[in-house]
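Asker: please find the sequence and the predicted model below.
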There are 2 protein chains.
Amino acid sequence: MDTEKNSEAKAARMPESKGKDKGKAVDWADPPVVFTKATPVPLPGQRWKKGVAIADFVLRLGAIGAAMGSAANMGTNEEQLPFFTQFLQFHAQWNVFPMFQFFVVANGVVSGYVVLSLPFSLVCIFRPQAVAPRFLLVTLDMVMMALVTAAAASSAAIVYLAHNGSQDANWMAICQQYTQFCSNASQAVVTSFLAATFLTCLIFLSTLALKRNRE
Amino acid sequence: MDTEKNSEAKAARMPESKGKDKGKAVDWADPPVVFTKATPVPLPGQRWKKGVAIADFVLRLGAIGAAMGSAANMGTNEEQLPFFTQFLQFHAQWNVFPMFQFFVVANGVVSGYVVLSLPFSLVCIFRPQAVAPRFLLVTLDMVMMALVTAAAASSAAIVYLAHNGSQDANWMAICQQYTQFCSNASQAVVTSFLAATFLTCLIFLSTLALKRNRE
(Lines give C-alpha, C1' and ligand atoms only; values in the text may rest on other atoms or scores of the structure.)
Protein backbone atom coordinates (compact mmCIF):
# COMPACT_ATOMS: atom_id res chain seq x y z
CA MET A 1 0.00 0.00 0.00
CA ASP A 2 2.78 2.34 0.95
CA THR A 3 4.89 1.45 -2.11
CA GLU A 4 1.91 1.88 -4.38
CA LYS A 5 1.27 5.34 -2.99
CA ASN A 6 4.93 6.21 -3.37
CA SER A 7 5.11 5.21 -6.99
CA GLU A 8 1.89 7.05 -7.65
CA ALA A 9 3.36 10.20 -6.12
CA LYS A 10 6.50 9.76 -8.21
CA ALA A 11 4.45 9.39 -11.38
CA ALA A 12 2.56 12.53 -10.46
CA ARG A 13 5.86 14.36 -10.11
CA MET A 14 6.82 13.43 -13.68
CA PRO A 15 3.64 13.93 -15.64
CA GLU A 16 5.32 14.24 -19.08
CA SER A 17 6.73 10.70 -18.91
CA LYS A 18 3.64 9.20 -17.38
CA GLY A 19 2.10 8.03 -20.63
CA LYS A 20 5.32 6.61 -22.03
CA ASP A 21 6.21 4.51 -18.98
CA LYS A 22 2.71 3.43 -18.20
CA GLY A 23 2.68 -0.18 -17.10
CA LYS A 24 6.45 -0.50 -16.80
CA ALA A 25 7.78 -1.07 -13.30
CA VAL A 26 10.28 1.75 -13.39
CA ASP A 27 11.34 2.77 -9.90
CA TRP A 28 12.05 6.46 -9.97
CA ALA A 29 14.82 7.73 -7.77
CA ASP A 30 13.73 10.15 -5.08
CA PRO A 31 14.20 13.69 -6.40
CA PRO A 32 16.98 15.67 -4.69
CA VAL A 33 15.83 17.99 -1.96
CA VAL A 34 16.00 21.57 -3.23
CA PHE A 35 15.99 24.43 -0.73
CA THR A 36 13.98 27.32 -2.10
CA LYS A 37 13.64 30.76 -0.59
CA ALA A 38 10.17 31.40 0.73
CA THR A 39 9.25 34.19 -1.65
CA PRO A 40 5.54 34.89 -1.50
CA VAL A 41 3.89 35.17 -4.91
CA PRO A 42 3.22 38.92 -5.45
CA LEU A 43 -0.40 39.89 -6.05
CA PRO A 44 -1.09 41.61 -9.38
CA GLY A 45 -2.00 44.83 -7.53
CA GLN A 46 1.28 44.69 -5.65
CA ARG A 47 3.31 44.29 -8.84
CA TRP A 48 1.44 47.23 -10.40
CA LYS A 49 2.24 49.31 -7.33
CA LYS A 50 5.89 48.39 -7.55
CA GLY A 51 5.90 49.69 -11.13
CA VAL A 52 4.32 52.93 -9.95
CA ALA A 53 6.94 53.26 -7.19
CA ILE A 54 9.78 52.77 -9.71
CA ALA A 55 8.24 55.38 -12.04
CA ASP A 56 7.98 57.65 -8.99
CA PHE A 57 11.69 57.24 -8.30
CA VAL A 58 12.67 57.97 -11.93
CA LEU A 59 10.42 61.05 -12.05
CA ARG A 60 12.05 62.26 -8.84
CA LEU A 61 15.47 62.04 -10.47
CA GLY A 62 14.14 64.10 -13.38
CA ALA A 63 12.68 66.68 -11.00
CA ILE A 64 16.01 66.97 -9.17
CA GLY A 65 17.82 67.57 -12.44
CA ALA A 66 15.32 70.16 -13.64
CA ALA A 67 15.07 72.09 -10.36
CA MET A 68 18.79 72.02 -9.62
CA GLY A 69 19.65 72.97 -13.19
CA SER A 70 17.30 75.93 -13.23
CA ALA A 71 18.51 77.15 -9.82
CA ALA A 72 22.14 76.93 -10.99
CA ASN A 73 21.35 78.53 -14.33
CA MET A 74 19.56 81.46 -12.76
CA GLY A 75 21.97 81.77 -9.84
CA THR A 76 24.99 82.22 -12.09
CA ASN A 77 23.19 84.49 -14.50
CA GLU A 78 24.95 87.80 -15.02
CA GLU A 79 26.15 89.81 -17.97
CA GLN A 80 28.52 92.73 -18.23
CA LEU A 81 28.15 95.00 -21.21
CA PRO A 82 31.25 96.61 -22.79
CA PHE A 83 29.49 99.96 -23.11
CA PHE A 84 27.48 102.29 -20.93
CA THR A 85 24.33 104.05 -22.08
CA GLN A 86 22.37 106.85 -20.53
CA PHE A 87 19.47 104.75 -19.25
CA LEU A 88 20.88 101.30 -18.69
CA GLN A 89 23.45 100.14 -16.19
CA PHE A 90 26.36 98.21 -17.64
CA HIS A 91 26.00 95.21 -15.37
CA ALA A 92 22.98 92.87 -15.19
CA GLN A 93 22.88 90.27 -12.45
CA TRP A 94 20.20 87.80 -11.38
CA ASN A 95 19.70 89.37 -7.94
CA VAL A 96 18.57 92.77 -9.23
CA PHE A 97 15.04 91.34 -9.40
CA PRO A 98 13.57 89.96 -6.16
CA MET A 99 11.55 87.49 -8.24
CA PHE A 100 14.74 85.95 -9.55
CA GLN A 101 16.03 85.68 -5.96
CA PHE A 102 12.80 83.92 -5.00
CA PHE A 103 13.23 81.71 -8.07
CA VAL A 104 16.72 80.58 -7.04
CA VAL A 105 15.70 79.98 -3.42
CA ALA A 106 12.51 78.11 -4.36
CA ASN A 107 14.22 75.87 -6.90
CA GLY A 108 17.02 75.18 -4.45
CA VAL A 109 14.53 74.25 -1.73
CA VAL A 110 12.59 72.01 -4.11
CA SER A 111 15.67 70.18 -5.37
CA GLY A 112 16.86 69.69 -1.78
CA TYR A 113 13.45 68.35 -0.79
CA VAL A 114 13.35 65.93 -3.72
CA VAL A 115 16.83 64.61 -2.83
CA LEU A 116 15.65 64.04 0.75
CA SER A 117 12.48 62.33 -0.49
CA LEU A 118 14.40 59.67 -2.45
CA PRO A 119 14.73 57.27 0.55
CA PHE A 120 10.96 57.41 1.10
CA SER A 121 10.46 56.64 -2.58
CA LEU A 122 12.78 53.63 -2.19
CA VAL A 123 10.67 52.43 0.75
CA CYS A 124 7.66 52.54 -1.56
CA ILE A 125 9.53 50.38 -4.11
CA PHE A 126 10.41 47.69 -1.56
CA ARG A 127 7.12 47.84 0.33
CA PRO A 128 4.53 48.61 -2.35
CA GLN A 129 1.64 48.28 0.12
CA ALA A 130 3.02 50.97 2.47
CA VAL A 131 0.59 53.86 2.72
CA ALA A 132 2.17 56.26 5.24
CA PRO A 133 5.34 57.19 3.24
CA ARG A 134 3.28 57.60 0.09
CA PHE A 135 0.83 59.93 1.82
CA LEU A 136 3.68 61.96 3.32
CA LEU A 137 5.29 62.27 -0.11
CA VAL A 138 2.10 63.28 -1.89
CA THR A 139 1.39 66.04 0.67
CA LEU A 140 4.88 67.51 0.53
CA ASP A 141 5.07 67.10 -3.26
CA MET A 142 1.93 69.20 -3.54
CA VAL A 143 3.39 72.04 -1.47
CA MET A 144 6.64 71.92 -3.44
CA MET A 145 4.76 71.88 -6.73
CA ALA A 146 2.90 75.04 -5.71
CA LEU A 147 6.19 76.66 -4.63
CA VAL A 148 8.06 75.90 -7.85
CA THR A 149 5.06 76.91 -9.98
CA ALA A 150 4.84 80.26 -8.19
CA ALA A 151 8.58 80.85 -8.63
CA ALA A 152 8.53 79.94 -12.30
CA ALA A 153 5.43 82.03 -13.02
CA SER A 154 6.73 85.18 -11.29
CA SER A 155 10.07 84.88 -13.07
CA ALA A 156 8.27 84.26 -16.36
CA ALA A 157 6.45 87.56 -15.87
CA ILE A 158 9.79 89.37 -15.42
CA VAL A 159 11.32 87.58 -18.43
CA TYR A 160 8.32 88.59 -20.51
CA LEU A 161 8.71 92.24 -19.45
CA ALA A 162 12.45 92.10 -20.10
CA HIS A 163 11.76 90.84 -23.61
CA ASN A 164 8.78 92.99 -24.52
CA GLY A 165 8.63 95.83 -22.04
CA SER A 166 5.37 97.60 -21.39
CA GLN A 167 4.44 100.60 -23.52
CA ASP A 168 1.70 101.74 -21.16
CA ALA A 169 3.83 101.67 -18.02
CA ASN A 170 6.77 103.11 -19.94
CA TRP A 171 8.97 100.13 -19.07
CA MET A 172 11.58 99.50 -21.72
CA ALA A 173 12.64 96.06 -22.88
CA ILE A 174 16.18 95.32 -21.72
CA CYS A 175 16.77 92.20 -23.80
CA GLN A 176 18.09 94.12 -26.81
CA GLN A 177 21.10 94.93 -24.64
CA TYR A 178 21.33 91.96 -22.29
CA THR A 179 20.75 89.13 -24.76
CA GLN A 180 22.74 86.49 -22.87
CA PHE A 181 21.15 87.41 -19.54
CA CYS A 182 17.64 87.13 -21.00
CA SER A 183 18.35 83.88 -22.76
CA ASN A 184 19.70 82.26 -19.56
CA ALA A 185 16.72 83.49 -17.57
CA SER A 186 14.30 82.10 -20.15
CA GLN A 187 16.02 78.71 -20.09
CA ALA A 188 15.89 78.63 -16.30
CA VAL A 189 12.16 79.43 -16.33
CA VAL A 190 11.45 76.68 -18.85
CA THR A 191 13.38 74.05 -16.87
CA SER A 192 11.60 75.17 -13.71
CA PHE A 193 8.23 74.62 -15.36
CA LEU A 194 9.55 71.21 -16.37
CA ALA A 195 10.27 70.48 -12.70
CA ALA A 196 6.70 71.54 -11.86
CA THR A 197 5.42 69.13 -14.52
CA PHE A 198 7.48 66.29 -13.04
CA LEU A 199 6.05 67.03 -9.60
CA THR A 200 2.50 67.09 -11.02
CA CYS A 201 3.05 63.66 -12.57
CA LEU A 202 4.44 62.44 -9.22
CA ILE A 203 1.35 63.61 -7.35
CA PHE A 204 -0.92 62.02 -9.95
CA LEU A 205 0.88 58.67 -9.70
CA SER A 206 0.89 58.69 -5.89
CA THR A 207 -2.81 59.53 -5.77
CA LEU A 208 -3.52 56.72 -8.22
CA ALA A 209 -1.58 54.31 -5.99
CA LEU A 210 -3.49 55.50 -2.90
CA LYS A 211 -6.78 55.13 -4.77
CA ARG A 212 -5.95 51.53 -5.66
CA ASN A 213 -5.38 50.67 -2.00
CA ARG A 214 -8.67 48.88 -1.60
CA GLU A 215 -7.89 46.58 -4.56
CA MET B 1 -44.72 18.62 18.73
CA ASP B 2 -45.64 21.79 16.90
CA THR B 3 -46.98 23.46 20.06
CA GLU B 4 -43.89 22.53 21.98
CA LYS B 5 -41.69 24.12 19.30
CA ASN B 6 -43.87 27.25 19.32
CA SER B 7 -43.65 27.72 23.09
CA GLU B 8 -39.91 27.13 22.94
CA ALA B 9 -39.57 29.82 20.36
CA LYS B 10 -41.65 32.19 22.48
CA ALA B 11 -39.49 31.47 25.51
CA ALA B 12 -36.41 32.17 23.42
CA ARG B 13 -37.87 35.54 22.46
CA MET B 14 -38.15 36.54 26.13
CA PRO B 15 -34.96 35.26 27.70
CA GLU B 16 -35.04 37.60 30.70
CA SER B 17 -38.32 36.10 32.00
CA LYS B 18 -37.39 32.53 31.23
CA GLY B 19 -36.11 31.65 34.70
CA LYS B 20 -39.01 33.28 36.51
CA ASP B 21 -41.76 31.61 34.51
CA LYS B 22 -40.09 28.24 34.21
CA GLY B 23 -42.62 25.48 34.63
CA LYS B 24 -45.67 27.77 34.41
CA ALA B 25 -47.87 27.30 31.38
CA VAL B 26 -48.00 30.94 30.43
CA ASP B 27 -49.02 31.40 26.81
CA TRP B 28 -47.19 34.42 25.54
CA ALA B 29 -49.01 36.59 23.07
CA ASP B 30 -47.32 36.98 19.71
CA PRO B 31 -45.25 40.20 19.72
CA PRO B 32 -46.66 42.93 17.50
CA VAL B 33 -45.03 43.23 14.10
CA VAL B 34 -43.04 46.47 13.94
CA PHE B 35 -41.99 47.82 10.55
CA THR B 36 -38.55 49.38 10.76
CA LYS B 37 -36.68 51.19 7.99
CA ALA B 38 -33.71 49.20 6.81
CA THR B 39 -31.02 51.76 7.68
CA PRO B 40 -27.59 50.15 7.78
CA VAL B 41 -25.51 51.22 10.76
CA PRO B 42 -22.77 53.54 9.41
CA LEU B 43 -19.22 52.39 10.00
CA PRO B 44 -16.98 54.85 11.90
CA GLY B 45 -14.79 55.24 8.79
CA GLN B 46 -17.82 56.05 6.71
CA ARG B 47 -19.00 58.76 9.09
CA TRP B 48 -15.51 60.25 9.10
CA LYS B 49 -15.53 60.28 5.31
CA LYS B 50 -18.89 61.99 5.26
CA GLY B 51 -17.41 64.75 7.42
CA VAL B 52 -14.52 65.08 5.00
CA ALA B 53 -16.94 65.29 2.07
CA ILE B 54 -18.94 68.06 3.78
CA ALA B 55 -15.72 69.99 4.52
CA ASP B 56 -14.80 69.50 0.86
CA PHE B 57 -18.11 71.06 -0.21
CA VAL B 58 -17.70 74.06 2.10
CA LEU B 59 -14.10 74.63 0.96
CA ARG B 60 -15.31 74.53 -2.63
CA LEU B 61 -17.80 77.31 -1.89
CA GLY B 62 -14.94 79.35 -0.43
CA ALA B 63 -12.77 78.70 -3.48
CA ILE B 64 -15.59 79.81 -5.79
CA GLY B 65 -15.97 83.05 -3.86
CA ALA B 66 -12.25 83.77 -3.82
CA ALA B 67 -11.58 82.94 -7.48
CA MET B 68 -14.68 84.68 -8.80
CA GLY B 69 -14.07 87.72 -6.61
CA SER B 70 -10.48 88.09 -7.74
CA ALA B 71 -11.41 87.66 -11.42
CA ALA B 72 -14.14 90.29 -11.08
CA ASN B 73 -11.90 92.64 -9.11
CA MET B 74 -9.08 92.44 -11.64
CA GLY B 75 -11.39 92.41 -14.68
CA THR B 76 -13.03 95.70 -13.72
CA ASN B 77 -9.78 97.32 -12.64
CA GLU B 78 -9.12 100.61 -14.40
CA GLU B 79 -8.28 104.12 -13.38
CA GLN B 80 -8.36 107.39 -15.25
CA LEU B 81 -6.12 110.16 -14.02
CA PRO B 82 -7.26 113.77 -14.21
CA PHE B 83 -3.86 114.92 -15.44
CA PHE B 84 -1.32 113.95 -18.09
CA THR B 85 2.42 113.75 -17.48
CA GLN B 86 5.24 113.37 -19.92
CA PHE B 87 6.00 109.73 -19.20
CA LEU B 88 2.74 108.22 -18.04
CA GLN B 89 -0.46 107.64 -19.97
CA PHE B 90 -3.56 109.01 -18.31
CA HIS B 91 -5.52 105.78 -18.41
CA ALA B 92 -4.56 102.53 -16.66
CA GLN B 93 -6.56 99.43 -17.42
CA TRP B 94 -6.17 95.79 -16.38
CA ASN B 95 -5.54 94.53 -19.92
CA VAL B 96 -2.40 96.60 -20.55
CA PHE B 97 -0.43 93.77 -18.89
CA PRO B 98 -0.75 90.30 -20.44
CA MET B 99 -0.22 88.79 -16.98
CA PHE B 100 -3.36 90.49 -15.73
CA GLN B 101 -5.26 89.11 -18.74
CA PHE B 102 -3.95 85.64 -17.89
CA PHE B 103 -4.97 86.27 -14.28
CA VAL B 104 -8.57 87.09 -15.19
CA VAL B 105 -8.87 84.13 -17.58
CA ALA B 106 -7.28 81.67 -15.14
CA ASN B 107 -9.42 82.77 -12.19
CA GLY B 108 -12.53 82.64 -14.38
CA VAL B 109 -11.68 79.13 -15.54
CA VAL B 110 -10.98 77.97 -11.97
CA SER B 111 -14.21 79.41 -10.58
CA GLY B 112 -16.17 77.83 -13.46
CA TYR B 113 -14.50 74.50 -12.80
CA VAL B 114 -15.23 74.62 -9.06
CA VAL B 115 -18.91 75.40 -9.76
CA LEU B 116 -19.08 72.39 -12.10
CA SER B 117 -17.34 70.21 -9.51
CA LEU B 118 -19.99 70.85 -6.83
CA PRO B 119 -22.28 67.98 -7.98
CA PHE B 120 -19.37 65.54 -7.74
CA SER B 121 -18.66 66.82 -4.25
CA LEU B 122 -22.34 66.19 -3.37
CA VAL B 123 -22.00 62.63 -4.67
CA CYS B 124 -19.09 62.19 -2.23
CA ILE B 125 -21.31 63.43 0.63
CA PHE B 126 -24.11 60.96 -0.11
CA ARG B 127 -21.83 58.08 -1.05
CA PRO B 128 -18.78 58.45 1.22
CA GLN B 129 -17.22 55.21 -0.02
CA ALA B 130 -17.20 56.30 -3.67
CA VAL B 131 -13.64 56.44 -4.98
CA ALA B 132 -13.99 57.39 -8.67
CA PRO B 133 -15.52 60.90 -8.20
CA ARG B 134 -13.02 61.70 -5.47
CA PHE B 135 -10.10 60.67 -7.67
CA LEU B 136 -11.45 62.72 -10.59
CA LEU B 137 -11.81 65.73 -8.30
CA VAL B 138 -8.35 65.45 -6.79
CA THR B 139 -6.70 65.24 -10.23
CA LEU B 140 -8.55 68.24 -11.65
CA ASP B 141 -8.15 70.20 -8.39
CA MET B 142 -4.41 69.76 -8.69
CA VAL B 143 -4.31 71.14 -12.24
CA MET B 144 -6.52 74.06 -11.25
CA MET B 145 -4.39 74.76 -8.18
CA ALA B 146 -1.30 74.98 -10.39
CA LEU B 147 -3.14 77.26 -12.82
CA VAL B 148 -4.38 79.69 -10.18
CA THR B 149 -1.01 79.70 -8.40
CA ALA B 150 0.78 80.56 -11.67
CA ALA B 151 -1.71 83.34 -12.40
CA ALA B 152 -1.47 84.81 -8.92
CA ALA B 153 2.34 84.62 -8.86
CA SER B 154 2.83 86.28 -12.26
CA SER B 155 0.40 89.05 -11.33
CA ALA B 156 2.10 89.44 -7.97
CA ALA B 157 5.38 90.06 -9.81
CA ILE B 158 3.74 92.84 -11.84
CA VAL B 159 2.10 94.35 -8.76
CA TYR B 160 5.48 94.34 -7.02
CA LEU B 161 7.10 96.13 -9.96
CA ALA B 162 4.24 98.62 -10.14
CA HIS B 163 4.74 99.39 -6.45
CA ASN B 164 8.53 99.41 -6.28
CA GLY B 165 9.82 99.64 -9.84
CA SER B 166 13.28 98.40 -10.68
CA GLN B 167 16.19 100.81 -10.41
CA ASP B 168 18.52 98.56 -12.38
CA ALA B 169 16.19 98.03 -15.31
CA ASN B 170 15.12 101.69 -15.16
CA TRP B 171 11.48 100.73 -14.69
CA MET B 172 9.61 103.36 -12.70
CA ALA B 173 7.00 102.57 -10.08
CA ILE B 174 3.54 103.58 -11.35
CA CYS B 175 1.65 103.23 -8.08
CA GLN B 176 2.38 106.80 -6.99
CA GLN B 177 0.05 107.88 -9.78
CA TYR B 178 -2.37 104.96 -10.09
CA THR B 179 -3.07 104.30 -6.42
CA GLN B 180 -6.56 102.87 -6.90
CA PHE B 181 -5.45 100.64 -9.77
CA CYS B 182 -2.59 99.20 -7.72
CA SER B 183 -4.69 98.68 -4.63
CA ASN B 184 -7.34 96.78 -6.60
CA ALA B 185 -4.72 94.63 -8.30
CA SER B 186 -3.11 93.79 -4.94
CA GLN B 187 -6.47 92.77 -3.48
CA ALA B 188 -7.17 90.57 -6.47
CA VAL B 189 -3.78 88.86 -6.13
CA VAL B 190 -4.34 88.21 -2.42
CA THR B 191 -7.80 86.69 -2.97
CA SER B 192 -6.40 84.57 -5.77
CA PHE B 193 -3.73 83.17 -3.44
CA LEU B 194 -6.58 82.50 -1.02
CA ALA B 195 -8.32 80.46 -3.73
CA ALA B 196 -5.07 78.53 -4.27
CA THR B 197 -4.94 77.82 -0.51
CA PHE B 198 -8.52 76.54 -0.54
CA LEU B 199 -7.68 74.24 -3.44
CA THR B 200 -4.58 72.98 -1.62
CA CYS B 201 -6.71 72.12 1.43
CA LEU B 202 -9.20 70.37 -0.88
CA ILE B 203 -6.47 68.21 -2.42
CA PHE B 204 -5.10 67.39 1.03
CA LEU B 205 -8.54 66.32 2.32
CA SER B 206 -9.29 64.22 -0.76
CA THR B 207 -5.92 62.48 -0.57
CA LEU B 208 -6.52 61.76 3.11
CA ALA B 209 -9.91 60.24 2.25
CA LEU B 210 -8.36 58.13 -0.52
CA LYS B 211 -5.62 57.00 1.86
CA ARG B 212 -8.18 55.85 4.41
CA ASN B 213 -9.89 53.64 1.84
CA ARG B 214 -8.42 50.45 3.15
CA GLU B 215 -9.78 51.14 6.62
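Answerer: The structure has been received and is ready for your questions. Numbers count the residues shown, from 1 in each chain, chains lettered A, B, ... in the order given.

Asker: use CA for all of it now, contacts and neighbours both
Answerer: Will do.

Asker: just how off-centre is stretch A:118-138 within its chain?
Answerer: On the basis of Cα atoms, centre = their mean, to the nearest Å, stretch A:118-138 sits 13 Å off its chain's mean C-alpha point.

Asker: stretch A:188-202 now?
Answerer: Worked out by Cα atoms, centre = their mean, stretch A:188-202 lies 10 Å from the chain centre.

Asker: for chain A, what lies in contact range of chain B?
Answerer: A:87-89, A:92, A:96-97, A:99, A:131, A:135, A:139, A:142, A:145-146, A:149-158, A:166, A:168-172, A:174, A:200, A:204, A:207-208, A:210-211, A:213-214 (Cα under 8 Å from any Cα of the partner chain).

Asker: pull out the buried residues from the residues you listed.
Answerer: A:88, A:92, A:97, A:99, A:131, A:135, A:139, A:142, A:145-146, A:149-158, A:166, A:169-172, A:174, A:200, A:204, A:207-208, A:210-211, A:213 (16 or more other Cα atoms under 10 Å in any protein chain shown).

Asker: show only the entries of those residues found in strands.
Answerer: A:Ala92 (DSSP state E).

Asker: and the buried ones among the residues of chain A next to chain B, which of them are in helices?
Answerer: Mapping those onto helices (DSSP state H) picks out A:99, A:135, A:139, A:142, A:145-146, A:149-158, A:200, A:204, A:207-208, A:210-211.

Asker: would you mind giving the domain segments of chain A?
Answerer: For chain A, automatic domain parsing gives the domain ranges A:1-35, A:44-214.

Asker: which of the ones you listed is buried the deepest?
Answerer: Among those, domain A:44-214 has the highest mean neighbour count (mean count of other Cα atoms under 10 Å in any protein chain shown), at a mean of 20.

Asker: that older thread, ranking the domains of chain A by mean pLDDT, which is last?
Answerer: Of all the domains of chain A, domain A:1-35 carries the lowest average pLDDT, namely a mean of 52.

Asker: skipping its backbone neighbours, what lies nearest whatever residue of chain A ends up closest to chain B in space?
Answerer: In chain A, the residue that lies nearest chain B is A:Ser154 (4.2 Å; Cα to the nearest Cα). Excluding the flanking residues, the one nearest A:Ser154 by Cα to Cα, 6 or more residues apart in numbering or on different chains is B:Ser154, at 4.2 Å.

Asker: contacting residues around the one you found?
Answerer: A:Ala150, A:Ala153, A:Ser154, A:Ser155, A:Ala156, A:Ala157, B:Met99 (Cα atoms under 8 Å, 6 or more residues apart in numbering or on different chains).

Asker: which residues are in contact with the second one?
Answerer: It refers to A:Ala153. Counted by Cα under 8 Å, 6+ apart, A:Ala153 has contacts A:Val189, B:Ala150, B:Ala151, B:Ala153, B:Ser154.

Asker: if we go to 7 Å?
Answerer: B:Ala150, B:Ala153, B:Ser154 (Cα atoms under 7 Å, 6 or more residues apart in numbering or on different chains).

Asker: in JSON lines: those residues, plus distance to B:Gln80.
Answerer: Output for the contacts of A:Ala153, formatted as JSON lines (distance: Cα to Cα, whole Å):
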{"residue": "B:Ala150", "distance to B:Gln80": "29"}
{"residue": "B:Ala153", "distance to B:Gln80": "26"}
{"residue": "B:Ser154", "distance to B:Gln80": "24"}
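
Asker: and those, which is closest to A:Asn184?
Answerer: B:Ser154 (18.8 Å; Cα to Cα).

Asker: phi, psi of A:Glu79?
Answerer: In terms of degrees, to the nearest 10, the main-chain angles of A:Glu79 are phi -150, psi 130.

Asker: is it true that it touches A:Phe181?
Answerer: Yes. With contacts counted by Cα atoms under 7 Å, A:Glu79 reaches A:Phe181, the gap being 5.8 Å.

Asker: now, the most widely separated pair of the contacts of B:Ser154?
Answerer: A:Ala150 and B:Met99 (13.3 Å).

Asker: distance check, the residue nearest to A:Ser154 against B:Leu161.
Answerer: Distance check for B:Ser154 against B:Leu161: by Cα to Cα, to the nearest Å, it reads 11 Å.

Asker: repeat for A:Met172
Answerer: 13 Å.

Asker: what of A:Gln80?
Answerer: From A:Gln80 to B:Leu161 the distance is 23 Å (Cα to Cα).

Asker: wouldn't A:Trp94 be in contact with A:Ala71 here?
Answerer: No. Using Cα under 7 Å as the test, A:Trp94 is too far from A:Ala71 to be in contact (10.9 Å).

Asker: who's in contact with A:Asn95?
Answerer: So A:Asn95 contacts A:Gln101 (Cα under 7 Å, 6+ apart).

Asker: how about A:Asp56?
Answerer: A:Ser121, A:Leu202.

Asker: ok so A:Ser183 is a strand residue?
Answerer: No. Secondary structure of A:Ser183 (DSSP: H, G, I helix; E, B strand; the rest coil): helix, not part of a strand.

Asker: distance of it from A:Gly108?
Answerer: From A:Ser183 to A:Gly108 the distance is 20 Å (Cα to Cα).

Asker: with A:Ala146 instead?
Answerer: In terms of Cα to Cα, A:Ala146 sits 14 Å off from A:Gly108.

Asker: now swap in A:Ala153 and tell me
Answerer: Taking Cα to Cα, one finds A:Ala153 at 16 Å from A:Gly108.

Asker: equivalent analysis for A:Thr207, please.
Answerer: Counting by Cα to Cα, the gap from A:Thr207 to A:Gly108 is 25 Å.

Asker: what does A:Thr139 give?
Answerer: 19 Å.

Asker: if we can go back for a sec, ok, of the contacts of B:Ser154, which one's closest to B:Ser121?
Answerer: For the contacts of B:Ser154, the nearest to B:Ser121 is A:Ala150 (27.4 Å; Cα to Cα).

Asker: wait, the closest one sits on B:Val148?
Answerer: No. Judged on Cα under 7 Å, A:Ala150 makes no contact with B:Val148 at a distance of 9.5 Å.
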